[in-house]
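Chemist: quick one: sequence plus predicted model below, questions after.
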Amino acid sequence: VDYVMQRQGHTPIKGSHYPGFSPFSTDRRVTDAVWNIGGEHLPVVISDRSRTTDMTINPHFIPDYIYVGRSVPASFPKGMKSIVDYPAWEERIDNFPLFTVDNMAEMAGCNAPVKFLRISYPQLNETVMAQIKADKNVALILTTNHLNGVGEQRAFFHALLNAGCRVPVVLQRSYHENDPEDIMIKGGVDFGTVLLDGFGNGIMLSNEGHIAISDLDNYAFGLLQAARVRTSKTEFISCPSCGRTLFDLQTTVALVKKHFSHLRHLKIGVMGCIVNGPGEMADADYGYVGAEHGKISLYRRKELVEKNIPQAEAVEHLIQLIKDHGEWIEPEVH
């Protein structure tokens, strides 16, 4: 709440509302595809490593692009796509230039299949808009330094809609955080609000604090999943716990995650009781629900499949249930 309240008294943002926009619609802004960005493609994750030499990749959360700044380091992971500042860019496979508004006049002479352009709302004018619309290989990275960054980025998208511009846009925000919880909360507010408006074809999460870069990639994928625009990990649903909860919820959730977190195609509910549990996890693929003390019931979709299983055996029964329906994948051994 404090983070949002900091916007009070901000400099007014001048903009024009797009008449066809509804905040209640789940439709996403229609964009043209540029390489693997926009169109029908899933939103991308750009990992900002311009301030670090750490090129560690989490095999479970592999970014679509890595922004390296002025040069590609010798330790750059093989097979990954790099984004380099245009003055230092070299034309080769999987290496893409990043332009700014100051040097965007040079975009016309660049043959890269994707030309990234870093831009903010105050930099958008008729000349810039015309060049963006004319170049079909441009993808924008939308930045903001405004106190109300969400409002400014919203104004940018409404300007694109009013101009009939279908360029894909990657949302970028910068933080100075050392606490993972802080950046997840702030990122959820900043990125999530705009994504839920139906805007954004990817995100770029930048941080100057002491949080591991591979963790930032994890958070970026988590933000996209929370906004329901890209699924990259198993989704676990649990109740908040109350007096009816029939087991230690936190311990049980941790146990379920340990055995099922590799099933990224599934949504699994862990509910403390049968009173509200089945309703709260109605959209889950499988459910683990307290039936009575020491007993668990298992659900598939909304259907009760097994009743009153001893809690000590419930995980094994759930594994077998998932196998019986052909949805089990053996975990990778590292």
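Modeler: Structure's in. What do you need?
Chemist: in the chain, which spans are helices?
Modeler: For the chain, helices defined by DSSP state H occupy the ranges 2-5, 126-134, 149-163, 180-196, 213-226, 249-260, 277-280, 311-324.
Chemist: I'd like those helices as TSV, with distance to residue 34 appended.
Modeler: Backbone N, C-alpha and C define where each C-beta goes, glycine included. Shown next, in TSV, are the helices of the chain (distance: least, C-beta to C-beta, whole Å):
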stretch	distance to residue 34
helix 2-5	33
helix 126-134	11
helix 149-163	14
helix 180-196	19
helix 213-226	18
helix 249-260	36
helix 277-280	40
helix 311-324	38
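Chemist: which one of these lies nearest to residue 58?
Modeler: Ranking the helices of the chain by proximity to residue 58 (C-beta to C-beta) places helix 213-226 first, at 4.3 Å.
Chemist: which other residues reach that closest one?
Modeler: Contact partners of helix 213-226, identified using C-beta atoms under 8 Å, 6 or more residues apart in numbering, comprise 43, 45, 47-49, 52, 54, 56-58, 60-63, 180, 183-184, 187-188, 191-192, 195, 203-205, 207, 230-233, 235.
Chemist: show me which of those are buried.
Modeler: Among the contacts of helix 213-226, those classed as buried by neighbour count (16 or more other C-beta atoms under 10 Å) are 43, 45, 47-49, 57, 61-63, 180, 183-184, 187-188, 191-192, 195, 203-205, 207, 230, 232, 235.
Chemist: where in this structure is pLDDT low?
Modeler: For the chain, applying pLDDT under 70 flags the ranges 334.
Chemist: domain ranges for it?
Modeler: What automatic domain parsing lists as the domains of the chain is 2-226, 235-324.
Chemist: to residue 332, which of the ones you listed lies closest?
Modeler: Across those, residue 332 has its closest neighbour in domain 235-324 (7.0 Å, C-beta to C-beta).
Chemist: one step back: the helices of the chain: which one's closest to residue 78?
Modeler: helix 213-226 (16.8 Å).
Chemist: and residue 18, which of the helices of the chain is closest to it?
Modeler: Comparing these by C-beta to C-beta, helix 149-163 comes nearest, at 3.9 Å.
Chemist: how close does the residue positioned nearest the centre of the chain sit to residue 142?
Modeler: By C-alpha atoms, centre = their mean, the mean C-alpha position of the chain lies nearest to residue 224, the distance being 2.2 Å. According to C-beta to C-beta, to the nearest Å, residue 224 stands 16 Å off from residue 142.
Chemist: same question for residue 34.
Modeler: Distance from residue 34 to residue 142, counting by C-beta to C-beta: 14 Å.
Chemist: now do residue 247 against residue 191, distance only.
Modeler: Computed as C-beta to C-beta, the residue 247 to residue 191 distance reads 34 Å.
Chemist: where do the strands sit along this protein?
Modeler: Assigned strands in the chain, in chain order: 44-48, 65-69, 82-85, 95-100, 115-120, 138-143, 169-175, 202-207, 235-238, 267-271, 286-292, 295-300, 303-310 (criterion: DSSP state E).
Chemist: of those strands, which is nearest residue 257?
Modeler: strand 235-238 (6.1 Å).
Chemist: show me what that closest one is packed against.
Modeler: helix 249-260, strand 267-271 (3 or more C-beta pairs under 8 Å, 6 or more residues apart in numbering; DSSP states H and E).
Chemist: redo that, cut-off 10 Å
Modeler: In terms of contacts (3 or more C-beta pairs under 10 Å, 6 or more residues apart in numbering; DSSP states H and E), strand 235-238 is packed against helix 249-260, strand 267-271, helix 277-280, strand 286-292.
Chemist: reformat those as JSON lines; add distance to residue 71.
Modeler: JSON lines is the format used below for these (distance: least, C-beta to C-beta, whole Å):
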{"stretch": "helix 249-260", "distance to residue 71": "39"}
{"stretch": "strand 267-271", "distance to residue 71": "42"}
{"stretch": "helix 277-280", "distance to residue 71": "50"}
{"stretch": "strand 286-292", "distance to residue 71": "47"}
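Chemist: next up, the contacts around residue 167.
Modeler: Listed by C-beta atoms under 10 Å, 6 or more residues apart in numbering, the contact partners of residue 167 are 31-32, 34, 37-38, 117, 129, 132-133, 135-136, 138-140, 160, 201.
Chemist: hmm, try it at 7 Å
Modeler: By C-beta atoms under 7 Å, 6 or more residues apart in numbering, the contact set of residue 167 is 31, 32, 132, 138, 139, 140, 160.
Chemist: filter the residues you listed to the buried ones?
Modeler: Among those, those scoring as buried are 31, 132, 138, 139, 140, 160 (criterion: 16+ other C-beta under 10 Å).
Chemist: among the contacts of residue 167, which one sits closest to residue 282?
Modeler: Nearest to residue 282 out of the contacts of residue 167 is residue 31 (C-beta to C-beta; 32.1 Å).
Chemist: name the nearest residue to residue 227, sequence neighbours excluded.
Modeler: Leaving aside its sequence neighbours, residue 227 sits nearest to residue 195 (C-beta to C-beta, 6 or more residues apart in numbering; 3.9 Å).
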